[in-house]
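Novice: take a look and give me a structure for this.
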Amino acid sequence: MAWRVAAAADDAPASADGSVPVAIIDDVMINRSSIDAVIHRLHPVSKPSPEQRMRIEASVLEQLVDEALLRRELARQLVEVADVEVQAAVEKLGGQLAARGTSMQAFLAESGRDERSI
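Specialist: Sure, this is the predicted structure:
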């Protein structure tokens with residue numbers, strides 16, 4: 001099974017920090033706290049309405065699941081990327097963002113990521 005949604009608290013054990021997972025990809029658990037952290041980075045000041053929050057949570061969960069599945073597949077295929085290639089890609093992205101009139105920091109803040117996660 002690639003991944004599943006944890007339907008109830010009894011469905012899966014709590015993680016080391018005590019939070020119950022909302023999705024499990026092999027041995028990777030995505031917890032409510034992970035979703036909340038991304039939402040907080042995306043909306044540090046504003047408080048979305050309950051309806052908006054549900055849509056945002058679903059979108060964030062989908063993104064986190066996609067990332068976990070991608071990481072699993074990359075590990076399975078033993079894809080390795082040299083640090084210099086990563087740095088070149090980050091610099092290329094920075095140039096593309098600058099051409100659009102935005103900074104890397106603004107992009108990271110807007111997407112709820114940090115430089116390490118891209």
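
Novice: show me what contacts E110?
Specialist: Contact analysis of E110 by C-beta atoms under 8 Å, 6 or more residues apart in numbering lists L42. Every residue, glycine included, has its C-beta placed from N, CA and C.

Novice: quick one, phi psi at it?
Specialist: phi -70, psi -40 (degrees, to the nearest 10).

Novice: how near is it to R72?
Specialist: To R72, E110 is 27 Å away according to C-beta to C-beta, to the nearest Å.

Novice: which residues in the protein form strands?
Specialist: 3-5, 21-25, 28-31 (DSSP state E).

Novice: any chance of those in TSV, plus distance to K92 and mean pLDDT?
Specialist: Output for the strands of the chain, formatted as TSV (distance: least, C-beta to C-beta, whole Å; pLDDT from 0 to 100):
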stretch	distance to K92	mean pLDDT
strand 3-5	31	59
strand 21-25	29	89
strand 28-31	29	89
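
Novice: of these, which is nearest Q52?
Specialist: Nearest to Q52 among those is strand 21-25 (18.2 Å), distances taken as C-beta to C-beta.

Novice: can you name every helix or strand that that closest one contacts?
Specialist: Packed against strand 21-25 by the contact rule (3 or more C-beta pairs under 8 Å, 6 or more residues apart in numbering; DSSP states H and E) you find strand 3-5, strand 28-31, helix 50-76.

Novice: tell me the most buried of those?
Specialist: Of the helices and strands packed on strand 21-25, the one with the most neighbours on average (mean count of other C-beta atoms under 10 Å) is strand 28-31, at a mean of 20.

Novice: that one packs against which elements?
Specialist: strand 21-25, helix 50-76.
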